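Chemist: sequence and predicted structure, then a few things I'm wondering about:
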Amino acid sequence: MSIYVGNLSYSVTEDDLSKVFAEYGTVSRVQLPTDRETGRARGFGFVEMESSAAEDAAIAALDGAEWMGRAMKVNKARPREEKSTRSGGGGGNWGDRSNRRY
């Protein structure tokens with residue numbers, strides 16, 4: 001399982017985050033998504049730890065804790081929602097039957 005870490009400073013690095021979580025157990029992976037256009041950190045990340053006990057301890061200790069001038073939001077990450085391949089909207093007269101000839 002993964003841990004979601006939100007409300008991070010934009011200057012935080014994966015190494016910084018790894019060090020904070022390492023106090024609660026072995027960190028397997030840290031991921032900090034970046035904005036595609038600017039390359040800047042998006043203010044949140046994900047941490048994976050070797051055991052659920054370590055994850056639970058880190059969540060309990062760090063949720064709401066102030067770090068780098070911000071109160072972190074730390075909880076179990078939810079599975080990523082699948083995006084629909086269909087876009088919304090009517091698009092032309094697809095759903096409008098008023099101009100169809102039968």
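Modeler: Thanks, I have the structure now.

Chemist: number of nearby residues for T38?
Modeler: 8 (other Cβ atoms under 10 Å). Glycine gets a C-beta too; all of them are placed from N, C-alpha and C.

Chemist: same question, Y24
Modeler: 20.

Chemist: ignoring the adjacent residues along the chain, who's closest to it?
Modeler: The spatially closest residue to Y24, leaving aside those adjacent along the chain, is A58, at 3.9 Å (Cβ to Cβ, 6 or more residues apart in numbering).

Chemist: so what's that neighbour up against?
Modeler: By Cβ atoms under 8 Å, 6 or more residues apart in numbering, the contact set of A58 is I3, F21, E23, Y24, G25, V47, M49, V74.

Chemist: okay, and which of these map to strands?
Modeler: Secondary structure defined by DSSP state E assigns I3, V47, M49, V74 of these to strands.

Chemist: so what's A53 closest to, chain neighbours aside?
Modeler: In space, A53 is closest to G25, 7.2 Å off (Cβ to Cβ, 6+ apart).

Chemist: could you measure from the residue nearest to Y24 over to V74?
Modeler: 7 Å (Cβ to Cβ, to the nearest Å).

Chemist: overlap in contacts, those two.
Modeler: I3.

Chemist: surely the residue nearest to A53 and A57 touch.
Modeler: Yes - judged on Cβ atoms under 8 Å, G25 makes contact with A57 at a distance of 6.8 Å.

Chemist: thanks a lot, catch you later.
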